[in-house]
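**Q** A structural model of the following input is requested.
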Amino acid sequence: MLRARDAMDGAYAQPLDVPALARIAHVSPAHFARTFRATFGETPHRYLQRRRVERAMFLLRETDRSITDICFEVGFGSPGTFSRTFRDIVGRSPREYRKQAVALDVPTCFTMAWMRPSA
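**A** Below you'll find the predicted structure:
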């Protein structure tokens, strides 16, 4: 499970599906989905979405790139899906988040832990 989660962390912007992740973990897709949820408290799909949103949060705070560019860079296929998922996880739209977010002058590891959206 850790190998699959590490693969998701490293390749969050790539299209990853359960069968591919199950191969990385050397288990069947059904067993992978059940075990991943039991181990990490969320489905593989939701974990991947949250990782993508975390990266998008950083890019929204630290860059002036358009929301659409950020959407595609972090691996979402459409701006609508990105906005809906972002709002579901963060509680605000990407535009609202960018307006309220302030670039923090602290080490990235602290920022990531402090700004991490809840599951």
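**Q** who's in contact with the residue nearest to residue 39 when sequence neighbours are not counted?
**A** Sequence neighbours aside, residue 1 is the residue nearest to residue 39 in space, at 5.0 Å (criterion: CB to CB, 6 or more residues apart in numbering). The C-beta positions use only the backbone N, C-alpha and C, and glycine is treated the same way. Applying CB atoms under 8 Å, 6 or more residues apart in numbering to residue 1 gives the contacts 25, 32, 35, 36, 39, 40.
**Q** The same query, at a cut-off of 6 Å, please.
**A** Residue 1 makes contact with 25, 36, 39 under the criterion CB atoms under 6 Å, 6 or more residues apart in numbering.
**Q** Count the residues that sit near the last one.
**A** The local packing of residue 39 (other CB atoms under 10 Å) involves 12 other residues.
**Q** How confident is the prediction for it, by pLDDT?
**A** Among the per-residue scores, residue 39 shows a pLDDT of 96.
**Q** Kindly indicate which of the contacts of residue 1 lies nearest residue 91.
**A** Nearest to residue 91, judged by CB to CB, of the contacts of residue 1 is residue 36 at 24.8 Å.
**Q** lowest average confidence, helix or strand, in this protein?
**A** helix 108-115 (a mean of 66; mean pLDDT, DSSP states H and E).
**Q** got any ranges where the chain has weak pLDDT?
**A** The model of the chain has pLDDT under 70 over residues 103-106, 108, 110-116, 118-119.
**Q** hmm, 80 instead?
**A** Flagging of the chain using pLDDT under 80 yields the residue ranges 102-119.
**Q** how about the helices of it, start to end?
**A** With DSSP state H as the criterion, the chain has helices at 2-10, 18-25, 29-40, 44-62, 67-73, 79-90, 94-100, 108-115.
**Q** Please identify the deepest-packed of the ones you listed.
**A** Burial of those is given as mean neighbour count (mean count of other CB atoms under 10 Å); helix 44-62 ranks first at a mean of 20.
**Q** Name the residues that touch it?
**A** So helix 44-62 is contacted by 8, 12, 18, 21, 36, 70, 74-75, 85-86, 89, 94, 97-98, 101, 103 (CB under 6 Å, 6+ apart).
**Q** Any idea which residue is closest to the centre of this structure?
**A** The C-alpha lying nearest the average C-alpha coordinate of the chain belongs to residue 51 (CA atoms, centre = their mean; 1.9 Å).
**Q** Cool, thanks, signing off.
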